[in-house]
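Visitor: need a structure here:
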Amino acid sequence: MKIWYDTEFLEDGITIELISIGMVAEDGRELYAVNEAIQSDTELYGRICHHDWLMANVIPHLPLTVNHGGKKNYRLPTGSMSSTGGGYFGLDLTSNLIMPGRMIRNAVREFITATPDPQLWAWYGAYDHVALAQLFGRMIDLPEGFPMWTNDLKQEATRLGATVPDQGEGAHNALEDARHNRAIDAYLKGLTS
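Guide: Residues are numbered from 1 along each chain as shown. Take a look at the predicted model:
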């Protein structure tokens with residue numbers, strides 16, 4: 001059974017730090033989790049705040065606190081990624097979507113092991129697979145029955161010579177991206193039917 005998924009992460013050429021993960025199974029089950037480790041009192045938070053692309057494209061989709069004016073507690077960084085000012089955001093820690101790493105790991109393990117013959121599918125999935133595997137440590141530490149690879153929808157689209165439909169709204173929200181991956185897969189399947 002297919003599981004389409006997506007992760008959002010900070011990568012610096014050395015490490016990949018999970019921000020969020022979204023999964024959609026062929027039977028309709030869904031999972032979405034945001035890493036609690038990105039909250040404001042962590043070193044990772046500071047690195048994200050100085051990353052213009054993440055601040056503009058990923059952070060607005062997370063469960064954020066709302067200030068007294070009714071706006072999400074969020075400001076884009078000023079200047080470049082090397083700027084010392086940076087932006088800021090406040091996670092809504094009352095949201096059940098925000099979890100510590102061990103809870104995300106357990107939720108992902110339960111989701112995948114509840115899936116008969118799981119097949120992982122993602123769009124440009126190499127880094128997604130690393131972010132997923134790192135929840136468990138090394139790739140060799142993946143639980144019994146976990147796929148050791150992720151099938152890549154981009155490769156399949158290229159193989160078929162297909163241009164896939166744009167996502168539109170919700171891009172870079174891990175769950176919305178996972179849902180779009182399911183739609184891409186259905187589109188590609190339609191081309192070969």
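
Visitor: measure the closest residue to Phe89 other than its chain neighbours to Glu43 for me?
Guide: Excluding its sequence neighbours, the residue lying closest to Phe89 (CB to CB, 6 or more residues apart in numbering) is Tyr74, at 4.5 Å. Heads up, the C-betas are built off the backbone N, CA and C, glycines and all. The gap separating Tyr74 from Glu43 is 20 Å, by CB to CB, to the nearest Å.

Visitor: neighbour-wise, which of those two wins?
Guide: Tyr74 (17 against 9; other CB atoms under 10 Å).

Visitor: the helices in the protein, which residues?
Guide: Taking DSSP state H as the criterion, the chain carries its helices at 43-49, 52-57, 101-113, 126-134, 153-160, 174-192.

Visitor: Out of these, which is closest to Gly90?
Guide: Taking CB to CB, helix 43-49 is the member of these nearest to Gly90, at 10.0 Å.

Visitor: Tell me the gap between the closest one and the middle of its chain.
Guide: Averaging C-alpha coordinates over helix 43-49 and over its chain gives two centres that are 17 Å apart (CA atoms, centre = their mean, to the nearest Å).

Visitor: Next, the buried residues of that helix.
Guide: Neighbour-count burial for helix 43-49, with 16 or more other CB atoms under 10 Å as criterion, is recorded at Leu44, Tyr45, Arg47, Ile48, Cys49.

Visitor: just to revisit the earlier point, I'd say the residue nearest to Phe89 and Asp92 touch.
Guide: No - Tyr74 lies out of contact with Asp92 (CB atoms under 8 Å); the separation is 11.1 Å.
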